[in-house]
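J.: Sequence plus the predicted model coming up.
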Amino acid sequence: MGAHISVPMYQRSLKSRYRMVAEKCEVCGGLNFPPKGVCRHCRRGTAFTETALSGKGTVYSYTLISGAGAPPEFAADAACKGSYPVVLVELAEGPRVIGQLVPPYEGELRVGTPVEMVFRRLYEEEGVIRYGFKFRIVGE
Amino acid sequence: MPAGIALYAAYVPYWRIRKEEYQKAWGACHADMMEKTVADVDEDALTMAVAAGRRVLGHVDPGRVGVLACASTTFPYAEKASAPAVAAALGLPPNVDVIETGACAACGAQALVAALELMAGGSRDLGLVLVADNPAARPGDEWEHALGAGAAALLLTREDPAVTVGGWTSRVRESLGSRLRLQGEPFLRDVGVRALAYDAAAAVAGPAVQELCERLGTGPSAYRHAVFTQSGARQVEDLARALGFTREQLTGGLLFRETGDTGAASAFLGLCAVLDDAGAGERVMLAACGSGAAAVAVDLAVRRAGARGGPSVRAQLDRKGYVDYVRYLKLRGHIL
């Protein structure tokens, strides 16, 4: 297994993974997402208030992962689809975050494309289903 | 005022498989559909319930939701509540009252009436009913051909609902041999006699609808629309005709030919489709039934159009991509 994340570690990050809850630094007001122990903006703040992000943003950059490039926990996804896009999203509130892009995306994926979060199954490990966010291209 | 529906939303997955794919793979398609919905490899009943729920909660503060009712025959864990995951994903308060129903395709309507009863206590502001399903059977089984996926969300309120609930009636009758799955089994099966499913559905849905009409002093002609649980198009048409409903009353909510059998979600996707086009004053008979057998008939009346919380069912049915049968088996997890 590649990037093993234990159940207790996953449990601690549920709010950010299920609903994109960020932490606002009480020293500088900077938004940290995913949450960090020390504020990544001022590098001093260690106290935060929770704030839910909108889940909306635009594609800052992207890549296509195929074949042997898939992390083992996404092997089932990769085997099913052959390849899948991963996007670096600049969220409306500022933070940039990486996630998979769900279909449909053929011909629509470029830098600047508006996306929003969706709640999906990421992978299963230790008999525990790991849910979290991915992104979809915005459109009816 | 008793609780009713403030907002509703459907969730239809993006993928479809056509009847022709089954004909190529198996020589015949044993479902009277044109195509059906297919959940993606990273979707299940839980993610689809959340997707539908996010659509209605985009319009209100999730912190006001006091009742959460989740219904599915296919939530991913046999033991481990699904409502906490839904609540976490939707940002609902930790003291929300939860109801989880399953075990048969009538579970969505059972969740709805249970939520309405909890709301009637008066201390809860909003209620959320999520009905999602992704039934599965062995690929070699004829009736696997029909199985689709989908979800719907209803946001309940006691203040000025857009759709009111006039009443409901339940019916149960012990019925053996149709659509069953023992503990630990992954796939639905039956004893191979299709008539048993017809009989079981008719034995509970029929009396439930008739008793509700008697109690309310209505009859089939009082309703602009009738929406049933849909495990087959002809099955619904036969049942409705026997009860005195016309084909025209079924048209708006009978989605089977485009979605397949979406289990517990089918009646609620049908309800969403009907509400998409319904005008003020129109009445809807919702009749959900499932194997076992159990049925709940619900009388609904539209007070105000425009309670749609997300894209229309039609828009979602038209926005689609097709998979071939091999891809379908992979999305379903049969050959991965």
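T.: Sure thing, it's come through.
J.: and A:Val115, what are its bridge partners?
T.: Assessed by DSSP bridges, A:Val115 has beta-bridge partners A:Gly57, A:Ile137.
J.: what's the spacing between it and A:Pro95?
T.: Going from A:Val115 to A:Pro95 by CB to CB, to the nearest Å gives 14 Å. Any C-beta I mention is one placed from the backbone N, CA and C, and that applies to glycine too.
J.: quick one, which of these two is more surrounded?
T.: A:Val115 (25 against 18; other CB atoms under 10 Å in any protein chain shown).
J.: How much space separates that one from chain B?
T.: For A:Val115, the distance to chain B equals 15 Å [CB to the nearest CB, to the nearest Å].
J.: Can you name the residues that contact the residue nearest in space to the middle of chain A?
T.: By CA atoms, centre = their mean, chain A has its centre lying nearest to A:Gly99, at 4.0 Å. Going by CB atoms under 8 Å, 6 or more residues apart in numbering or on different chains, A:Gly99 touches A:Val86, A:Val87, A:Val89, A:Met117, A:Phe133, A:Lys134, A:Phe135.
J.: Report whether it is found in a helix, as I expect.
T.: No: using DSSP: H, G, I helix; E, B strand; the rest coil, the secondary structure at A:Gly99 is strand, not a helix.
J.: can you pull the pLDDT of it?
T.: Model confidence at A:Gly99, given as pLDDT, is 95.
J.: beta partners for it?
T.: Here A:Gly99, judged by DSSP bridges, has bridge partners A:Val87.
J.: ok, it to B:Asp160 distance?
T.: Applying CB to CB, the value for A:Gly99 to B:Asp160 is 39 Å.
J.: same check, this time on B:Ala78
T.: From B:Ala78 to B:Asp160 the distance is 40 Å (CB to CB).
J.: which two in the contacts of A:Gly99 are spaced the farthest apart?
T.: A:Val86 and A:Met117 (14.3 Å; CB to CB).
J.: ok, these two, which is more surrounded?
T.: Counting neighbours by other CB under 10 Å for A:Val86 and for A:Met117 shows that A:Met117 has the greater number, 23 against 18.
J.: Apart from its chain neighbours, what residue comes closest to the more buried one?
T.: Closest residue to A:Met117 apart from its sequence neighbours, by CB to CB, 6 or more residues apart in numbering or on different chains: A:Gly55 at 3.4 Å.
J.: Need the pLDDT of the one you found.
T.: 96.
J.: and if you look at the one 10 residues further on?
T.: Turning to A:Ile65, the model gives it a pLDDT of 88.
J.: Give the bridge partners for it, please.
T.: A:Tyr84.
J.: now what about the worst-scoring helix or strand of chain A on mean pLDDT, what contacts it?
T.: Of all helical and strand segments in chain A, the minimum by mean pLDDT, DSSP states H and E falls on helix A:75-81, at a mean of 81. Identification of contacts with helix A:75-81 by CB under 8 Å, 6+ apart yields A:65-67, A:69-70, A:84, A:100, A:123, B:41-42, B:327, B:330-331, B:336.
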